[in-house]
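Undergrad: Here is my input, please return the structure:
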Amino acid sequence: MHEMNFRTAEIFEHDRLGSWNITSIRKMIDGNPEAYKPINVSMTDLNTQSVIQSARQCNQNSDERINSLSVAKLSEPIILLKRSEGMLLLIDGTHRLLRLERDHAEFVRAIVINEEDV
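TA: Next up, the predicted model:
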């Protein structure tokens, strides 16, 4: 399993955490697939890092969306951003992550990008 060493992000400090253009990030990933390969990340590691808790708080009323995800959509990797100080943030795939957690998945496929890359 891939070793993950991240610090927990403070939840909902959006002005400090920043914002990212997901379309541009996806183009960057698609343009360099060798550098951005999906890895399996333990759901336990994400829960320990408060990533899942943060996703729950951001999407308290999205059960309909979570329930409607297709198998194909669930197989798409989430995108995690590793901040320069080691913090890990979920920047794309909140509904997928919550559905996989609800379905008791052990791992989630993720692409981890470094903050310096965006």
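
Undergrad: so where do the helices sit in this structure?
TA: 14-17, 22-31, 43-48, 51-58, 63-67, 71-74, 94-102 (DSSP state H).

Undergrad: Just list what the third one packs against, helices and strands only.
TA: Using 3 or more C-beta pairs under 8 Å, 6 or more residues apart in numbering; DSSP states H and E as the contact criterion, the neighbours of helix 43-48 among helices and strands are helix 51-58, helix 94-102, strand 107-114. Yep, even glycine has a C-beta here, placed from its N, CA and C like the rest.

Undergrad: The longest one too?
TA: In terms of contact count using 3+ C-beta pairs under 8 Å, 6+ apart, helix 22-31 is assigned the packing partners strand 78-82, strand 88-92, strand 107-114.

Undergrad: Comparing those strands, which comes out most buried?
TA: strand 78-82 (a mean of 22; mean count of other C-beta atoms under 10 Å).

Undergrad: so where's the chain shaky on pLDDT?
TA: Across the chain, the ranges flagged by pLDDT under 70 are 1-18, 61.

Undergrad: what number of residues lie near the closest residue to Asn47 other than its chain neighbours?
TA: Nearest non-adjacent residue to Asn47, counting by C-beta to C-beta, 6 or more residues apart in numbering: Gln53, 7.3 Å away. By other C-beta atoms under 10 Å, 13 other residues sit near Gln53.

Undergrad: and Gln53, how far is that from Thr23?
TA: Note on Gln53: its distance to Thr23, by C-beta to C-beta, to the nearest Å, is 27 Å.

Undergrad: ditto for Val112
TA: 19 Å.

Undergrad: and if you look at Cys58?
TA: Distance from Cys58 to Thr23, by C-beta to C-beta: 19 Å.

Undergrad: Same question for Leu81.
TA: Applying C-beta to C-beta to Leu81 and Thr23 gives a distance of 15 Å.

Undergrad: So which of the helices of the chain is the most surrounded?
TA: Ranked by mean neighbours (mean count of other C-beta under 10 Å), the helices of the chain are led by helix 94-102, with a mean of 20.

Undergrad: For the residue nearest the centre of the chain, which non-adjacent residue is closest in space?
TA: When C-alpha atoms, centre = their mean is applied to the chain, the residue found nearest the centroid is Leu90 (3.4 Å). Sequence neighbours aside, Val51 is the residue nearest to Leu90 in space, at 5.1 Å (criterion: C-beta to C-beta, 6+ apart).
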